[in-house]
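Student: The sequence and its predicted three-dimensional model are supplied below.
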Amino acid sequence: MSDMLQETIKADITVVGAGLSGVNAAIAAARLGQTVTLVHNRPVLGGNSSSEVRVWVCGATAHGTNRYARETGIMGELFVENQYRNIDGNPYMWDLVLLEAVRAEPNIRLLLNTDVHEVEAEGDADNRRILSVTGWMMGSERRIRLESEVFLDCTGDGLIGFLAGAKYRIGREARSEHNEEWAPEVADDITLGSTLLFYTKDAGRPVRYHKPSFAIDIEKTSIPLKRVIRSGDNGCAYWWIEWGGELDIVHDNERIRDELWGVIYGVWDYIKNSGQFDSENMTLEWVGSLPGKREYRRFVGDYVLNQNDILAQRPFEDRVAFGGWSIDLHPPQGVYSTESGSKHLHADGIYHIPFRSLYSVNVSNLLFAGRNISATHVAFGTTRVMATCAVGGEAAGTGAALCVQKKVTPRTLHAEHLEELLQTMLRQDASIIGIPSRDPLDLARQAQVKASSTLTGLAVTSSAQTYPLASGDVALLLPVDPALNGLELLIDAQQATTLTVEAWNTGRGENYVPHTQQATATASVAAGQEQWVSFDLTWAPDEAQNVFVIIRANDSASVHLSAEPQTGVLPLYRQQAHAAASMLEDHSPEQLVVQWSMRGQTRRPFCFRLPAGAGTEAFRPENVTDGFNRPFAGPHLWSSEPLTAGQPEWLELSWSEPQRLGRVEIIFNDDVNEDLINLHHHRTDFELIPELVKDYRIEARIGGQWQTVVTERDNRKRKRVHALSQPVAAEALRLVVESTNGAPRAEVVEVRAYA
C-alpha cells in the first residue's frame, strides 16, 4: 500500500478556477510564453457553462440587443469553434471545445478534480503576498502545493483571495456609497441566488411521472402566477428557478440545492400532472445537481466599477475588456418573489472594464477575473455573465504574464507599462473597443496599401419581401465616409403618400442608437410597387462615422427587405415594449437599445442605394493598417467588389525599401454582429461564418518576383498567425483571397507584418 502522494508544482502563474474566466486567463498567459498551472475542482472545464450546470454563455451581445458586440480574442475563438463543431449546442461537445483549447497550449499544466483550500501568504493586512496554494486531487489522493510568482483567483466564490487576506465585499452597497440609483438605501448582505436547470425531451410515447416526496407543490406558492411555465422550453428558459439570495450562498449551498430540487420536481409535476399542458410524451432527460451560483465575494481592487460607469460607458484609459449585458438584478426571494424574475437596465451600447478592477488593492501578486472582480453589487449585475467574465480573464492573464516578464506587481504594471499591456492585448485581438494599435514593431503600419478592387457602391437592391411601415418606424444603419449625399429606398405604396426619413448620429463610436438628429428629408411617393424613391438626405460629419437613418411610419407604404446581407449595414425596428413576458423580465422600453431592435433580422437589410456618384470610402484598403480590429464609428475593414470565379482578389502592402519579414498576422471578418451561443438559446443556421475568408495565399515580392510563402485552405478562424519557414527580404507582401465561406466579397480587418 502506497502512502499519500505529496508534491510541489512550480510555474510562473497559477490560475485557480477553470470556468471561462480561468480558461481564458490561462490560455492568454501561456501564449505569451509563461508556464501556467490551471487547477479546477471539477472534472470538466467551463464552470456554469459546463455540462454539469448548462447555463448558456451570455455576453455583450445580450442576445442581439447590442450591435457588433460579440467578443473577440480567446472567447471569440471559442464561440466560432463551437459553432463549427457543435451547431446544435450539445453541452458535452462544448466541454470538449474548452478541453481541446486548453490542451493545445503546451505551457499549461491542467489539474482537474483538485480542490484548493489552503493558501500560504505573508505580510500585513495592507500589503499581502501569496507564496503558495495547496489542493487535494480527489480520486488520486494527491496533495499538491502550487508555487508561483503570480496567482489568479478565478474561483467565482473568491476563496483564494479570501484565504490570502484580500479585501472583499459581500452583498449590496448603500446607495450613498457610489451614488447608485439601483442600490438600496441601507447596505445589506443580500446577493443574487443560485439556480438548478433541467432538460426535457419528447419520448415519442406516453411517459408517467410520480413526483418524489420532497417535490414542492408549486400550486400552493406564487410560482404559477408569477413565472412563465411551458412544457417544451429548453433548460435555460428556467433560469428563474433561483433561490438563496437571503442566505449565505456558499455556506448554505446544500440547503439551497435541496430547495431547488424540490422546485424543479414540483414544476415538472405541475407540467405533467396538472392537465394544463400538452406533455403526455414528455420526460425528464437531465436534472442538475450542482447549483449555478451567481454571486458571492467581490474583491476590492484599485478601482470599483459602479452603476454610473456602466450607464455612462466611461472610456477608462486602462480599459482592457468590455461588456454589454444589461444590469440584470433579481429579487432576493428568487422563485417565490411576487415581483418580476429580473429587472434590466441597459446602457446605450457596450461599456468598458478597467484593468484596475482586476487586481487586489492589498495582495500584491493577486489578480482575479469572473464574477469576483472589483465591482459594486449593481455593476456586478452585468459583469457577471460568462463571456464578460471570459474577456476579463484574458486581460488578467495577459497582465499576469507581463508582471512575470517584468518582475513587477499588477499595480506597477498599470502605472508604468499600461501602453504595453494595451498593445499586447490588441495584438492578441482581445476585446477592447476604441483604442487603436500603435505597435512600433508592426511593419505594416509603414506600408503603402492597395487592393485589386474596393467596394465603393454601397447598396442592397435585391428584394426578398416587404415590411409594412404601418407597423411602425424602422431604421437603416450604414457608414458615412466621407458624407451622406442622398439616399434611395425601394418602396411599395398602396396609394400616393409622403414619406419622411431622418439622419441621426449615434453619439459614440461604439453605439448604434439614434443620438442627435442631423438632417431630415421628405419625398412624394406615387401609388405602385418596387419604386426607387430618392430622398435629399445630406450630412457631412467632421469624421467618418455611422448614420442612423429612421424611416418614419406610414400607413400606406412598405419597405423592401433583402436576403443578401451587407457588411456595415443593419436593419432596425422600433418597438414600444420588450418582447419578453413582463412577469418574467422587466425591460424599460425607454432604453434605446431595447427600443430599437434587430428582431433577428440582422442579415436581411432594407433595400437601399446611394445616388449615382455618391459612393463610400468606408471599405478602403488602408483600413487594414488603421489600428482598429473591430467596428468603431464604421466597419474598419477592407472589402473587395463581389468575387468572380477564377479571379482572386488581393490586398497588397509595399515598402520603399525591402523589409525583412518573418511573421504575418491576419484578422479576417467573422461578423462580430452575429450572436453566437454555446448551448441552446437559439440556433444559428451556418456552421461557418460566411464572411470568413476560406482559401488564401500570401505572396512576397522578392527581387521583383512574386513568390508564394503561405498557402491556406479551408480556413474557419478569424485570426491567423503565419510564421514563415524562413525570413524573406521583400519589397511587398500580397494577401490573395481565392474564396470565402459564403460571402460574396473578400473582407479583411487587419494585416500585421513583423521581422
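Tutor: Cool, the structure landed.

Student: Tell me the bridge partners for Trp532.
Tutor: Beta-bridge partners recorded for Trp532 (DSSP bridges): Leu490.

Student: That one - how many residues pack around it?
Tutor: By other CB atoms under 10 Å, the residues close to Trp532 number 13. (Each C-beta comes from the backbone N, C-alpha and C, glycine too.)

Student: okay, Ala580: pLDDT?
Tutor: pLDDT, Ala580: 45.

Student: can you check the one 5 residues further on too?
Tutor: Glu585 carries a pLDDT value of 78.

Student: Ser2 too?
Tutor: Ser2 carries a pLDDT value of 55.

Student: Helix or strand: which one has Ser534?
Tutor: Assigned by DSSP states H and E, Ser534 falls within strand 528-539.

Student: And the next helix or strand past that strand?
Tutor: strand 545-551.

Student: Residues contacting the very next helix or strand once past that next one, please?
Tutor: Remark: after strand 545-551, the chain's next helix or strand is strand 557-561, criterion DSSP H and E. Applying CB atoms under 8 Å, 6 or more residues apart in numbering, the contact partners of strand 557-561 are 463-469, 474, 489-494, 497, 499, 525, 530, 551, 571, 601, 604-607.

Student: just stretch 307-319 next, same as before
Tutor: Contacts of stretch 307-319 (CB under 8 Å, 6+ apart): 178-183, 303, 323, 327, 345, 347-356, 376, 378-379, 382, 414, 418, 421-422, 432-435, 508, 510-511.

Student: mind running it again at 6 Å?
Tutor: Taking contacts as CB atoms under 6 Å, 6 or more residues apart in numbering, the residues outside stretch 307-319 that touch it are 180, 182, 347, 351-352, 354-355, 378-379, 418.

Student: So which residues of the stretch 151-300 of the chain form strands?
Tutor: 168-169, 194-195, 198-202, 242-243, 282-287, 298-299 (DSSP state E, counting those that start in this stretch).

Student: pLDDT (mean, whole number) over the longest one?
Tutor: Here strand 282-287 scores 95 as its mean pLDDT.

Student: same check, this time on the third one
Tutor: Here the mean pLDDT over strand 198-202 is 94, rounded to a whole number.

Student: Which elements pack onto that strand?
Tutor: strand 282-287 (3 or more CB pairs under 6 Å, 6 or more residues apart in numbering; DSSP states H and E).

Student: Paired strands for the strand it packs on, with orientation please.
Tutor: Here strand 282-287 has these sheet partners by DSSP bridges: strand 198-202 (antiparallel).

Student: Determine the longest strand present in the chain.
Tutor: strand 719-740 (DSSP state E).

Student: buried set for that strand?
Tutor: Buried residues in strand 719-740, counted by 16 or more other CB atoms under 10 Å: 719-720, 728, 730, 732-740.

Student: what about Arg384, neighbour count?
Tutor: Counted with other CB under 10 Å, Arg384 comes out at 25.

Student: Please list all residues in contact with it.
Tutor: Arg371.

Student: Skip the chain neighbours and tell me the closest residue to Gln465.
Tutor: The shortest distance from Gln465 to any non-neighbouring residue, by CB to CB, 6 or more residues apart in numbering, is to Leu561 (5.2 Å).

Student: distance of Phe151 from Ile74?
Tutor: 20 Å (CB to CB, to the nearest Å).

Student: which one of those two has more residues nearby?
Tutor: Neighbour comparison, Phe151 and Ile74: the larger count goes to Phe151, with 30 against 27 (by other CB under 10 Å).

Student: who's the more buried one bridged to?
Tutor: Going by DSSP bridges, Phe151 forms beta bridges with Thr14, Leu366.

Student: That one contacts Ile130, doesn't it?
Tutor: Yes - using CB atoms under 6 Å, Phe151 makes contact with Ile130 at a distance of 4.9 Å.

Student: which strands and helices sit next to the strand holding Ser534?
Tutor: strand 484-493, strand 497-505, strand 516-525.

Student: Nearest to Leu426, out of those?
Tutor: For Leu426, the closest of the helices and strands packed on strand 528-539 is strand 497-505, at 26.0 Å, according to CB to CB.

Student: Now do the closest one: distance to the chain's middle.
Tutor: Distance of strand 497-505 from its chain centroid, counting by CA atoms, centre = their mean, to the nearest Å, is 33 Å.
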